[in-house]
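[1] Generate a structure from the sequence data that follows.
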Amino acid sequence: MDTTYTQFTQAAVHFLRWNLERITVCIGELTEQEVWQRPNSSSNSVGNQLLHLSGNIRQWMHNGIGQLPDVRRRDSEFAATGGYTKQELLTELAKVIGTAVTIIEQQDASSLRPERPVQAYVHDGNYIILHVVEHLSYHTGQIIFWTKLLRDKDLHLYGTENLNQTN
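    Residues are numbered from 1 along each chain as shown. Below is the predicted model of the structure:
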């Protein structure tokens with residue numbers, strides 16, 4: 001087994017789960033109305049972002065690597081103004097991330113080398129995994145920022161870790 005590949009995929013799985021944990025904390029802080037509240041007309045609600053993340057992970061990971069059907073309707077992710085509870089959105093994202101983790105865990109280094117079409121691009125599996133983790137992290141940060149802005153409180157996302165520790 002390729003150690004670098006194993007470390008890469010273990011890190012990817014860690015960050016997929018890590019981001020879901022942070023999103024879960026934020027969703028717990030927000031009301032149903034706040035989940036669909038847009039900061040302004042040029043921005044998306046947390047609900048839109050959760051729909052978008054589920055769609056993106058399905059398209060890039062489920063289809064791009066897992067070869068499952070591409071069922072994404074990207075425009076509808078941003079057009080939605082409701083229709084789902086915060087628990088439904090969170091449950092769907094958790095399910096999508098769970099499937100992505102399973103897909104990653106079923107791969108080996110050689111299965112990720114070939115390039116394949118995904119959305120409007122062509123990339124190898126390593127790139128696809130990195131994109132999914134980065135994209136999820138990016139939107140997780142937006143969700144955290146919006147939650148902190150609405151709640152004006154520390155969400156304690158790092159628990160008791162001493163982040164001031166030097167090496």
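[2] what mean pLDDT does stretch 153-160 have?
    Mean pLDDT, computed over stretch 153-160, is 91.
[3] With stretch 95-109 instead?
    Averaged over stretch 95-109, pLDDT sits at 96.
[4] CA atoms only for it, dumped as PDB, please.
    Output in PDB follows, covering the C-alpha atoms of stretch 95-109 (Å, rounded to 0.1, in the frame of the first residue of the first chain):
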ATOM      1  CA  LYS A  95     -25.500  11.200   4.000                       C
ATOM      2  CA  VAL A  96     -23.700  12.700   1.000                       C
ATOM      3  CA  ILE A  97     -20.400  13.000   3.000                       C
ATOM      4  CA  GLY A  98     -20.800   9.500   4.300                       C
ATOM      5  CA  THR A  99     -21.100   8.200   0.800                       C
ATOM      6  CA  ALA A 100     -18.000  10.300  -0.200                       C
ATOM      7  CA  VAL A 101     -16.000   8.700   2.600                       C
ATOM      8  CA  THR A 102     -17.100   5.200   1.500                       C
ATOM      9  CA  ILE A 103     -16.000   6.000  -2.100                       C
ATOM     10  CA  ILE A 104     -12.600   7.300  -0.900                       C
ATOM     11  CA  GLU A 105     -12.100   4.300   1.300                       C
ATOM     12  CA  GLN A 106     -12.800   1.900  -1.700                       C
ATOM     13  CA  GLN A 107     -10.100   3.400  -3.800                       C
ATOM     14  CA  ASP A 108      -6.400   2.600  -4.100                       C
ATOM     15  CA  ALA A 109      -3.700   4.800  -5.500                       C
END
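[5] Show me the helices in this protein, by range?
    3-29, 32-35, 46-57, 74-79, 86-105, 125-151 (DSSP state H).
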